[in-house]
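> coordinates for the following, if possible.
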Amino acid sequence: MKRGFSVLELIVVIFIVSLFGGLVSSTIIKSYSNNKLVETQSVVQTELNLAIDRLSRVLRSSTLIMEATETNFKIRGYPNAADNAPSEINFYLDGTALRYSVIPPTGQAPNYTYSEADAKTYSLVGKTTNAVNNPAFRYYNDQNALLSFPVSVSSIKIVEPTLSAVDTGNILKSPIIVTTKITLRNFKTNL
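Numbering: from 1, shown residues only. Prediction:
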């Protein structure tokens, strides 16, 4: 008498192994997706934190506000601590990117000149969701009262950058938001 497996038994075993394999592979895929989401959130959060840190350091060194809108903030200040003279610095939205340009001064104090041809442009955030209806910049007076647009640059004492961004790979379903309030040190009235 020959002993072996029937076709029905083989089909049942193949079905059970396939079912188990499907469960294992879906768990692996879901784990990979969750890991990719957490990694992407971390990358965007780090990018925003670095941008806010850069904004804070530069804005605290500002000596003159030249322009202030929802998506653009132009100042004279010191982009680097070792600078001897203030540069013209413009933080602005360029499509979905938050960029800033630095124009170093030429000439002698106090008659520095600033040439657009000397501008160097840097990227802070790759894919922002900021716009006029989701402002990158809000401004406050010395009483910490929110100023309404159009803003009088002479009234600005505090700047609140609020940066929101998603990843370039479209993994995040909602933007990550980072904000802070920066007191313009060189504009304090009690100095």
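> what's the helix or strand where Ala51 lies packed up against?
Using DSSP states H and E, Ala51 maps to helix 7-60. Helices and strands touching helix 7-60, by 3 or more CB pairs under 8 Å, 6 or more residues apart in numbering; DSSP states H and E, are strand 72-77, strand 97-103, strand 120-125, strand 158-165, strand 176-179, strand 182-183. To be clear about C-beta, it is placed using only N, CA and C from the backbone, and glycine gets the same treatment.
> tell me how far Ala165 lies from Thr183.
24 Å (CB to CB, to the nearest Å).
> tell me which of those two has more neighbours.
Ala165 (25 against 15; other CB atoms under 10 Å).
> where does pLDDT dip in the chain?
1-2, 186-191 (pLDDT under 70).
> quick revisit: in CSV: the helices and strands packed on helix 7-60, plus distance to Asn144.
Output for the helices and strands packed on helix 7-60, formatted as CSV (distance: least, CB to CB, whole Å):
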stretch, distance to Asn144
strand 72-77, 18
strand 97-103, 25
strand 120-125, 26
strand 158-165, 7
strand 176-179, 15
strand 182-183, 10
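> how far out from the middle of the chain is stretch 54-65?
The chain centre lies 17 Å from the centre of stretch 54-65; the measure is CA atoms, centre = their mean, to the nearest Å.
> for that stretch, measure first residue to last.
Start to finish, the residues bounding stretch 54-65 are 17 Å apart (CA to CA, to the nearest Å).
> and it, which residues are buried?
Leu55, Ser56, Val58, Leu59, Ser61, Ser62, Ile65 (16 or more other CB atoms under 10 Å).
> likewise stretch 72-79?
Using 16+ other CB under 10 Å as the test for burial, stretch 72-79 gives Phe73, Lys74, Ile75, Arg76, Gly77, Tyr78, Pro79.
> of all the buried residues of stretch 54-65, which two lie farthest apart?
In terms of CB to CB, these reach their longest pairwise distance at Ser56 and Ile65, which sit 15.7 Å apart.
> quick check: the gap between the most centrally placed residue in the chain and Leu124.
Of all residues in the chain, the one closest to the mean position by CA atoms, centre = their mean is Leu48, 3.6 Å from it. According to CB to CB, Leu48 and Leu124 sit 9 Å apart.
> do the same with Ala85
Distance from Ala85 to Leu124, by CB to CB: 23 Å.
> same deal with Asp53?
Computed as CB to CB, the Asp53 to Leu124 distance reads 10 Å.
> now Gln41
For Gln41, the distance to Leu124 (CB to CB) stands at 18 Å.
> likewise Ser148?
Applying CB to CB, the value for Ser148 to Leu124 is 26 Å.
> so these two - more neighbours on which side?
Taking other CB under 10 Å, Ser148 and Leu124 do not tie; Leu124 has more neighbours (21 against 8).
> what's the spacing between stretch 136-149 and its chain's center?
So, by CA atoms, centre = their mean, the centroid of stretch 136-149 is 20 Å from its chain's centroid.
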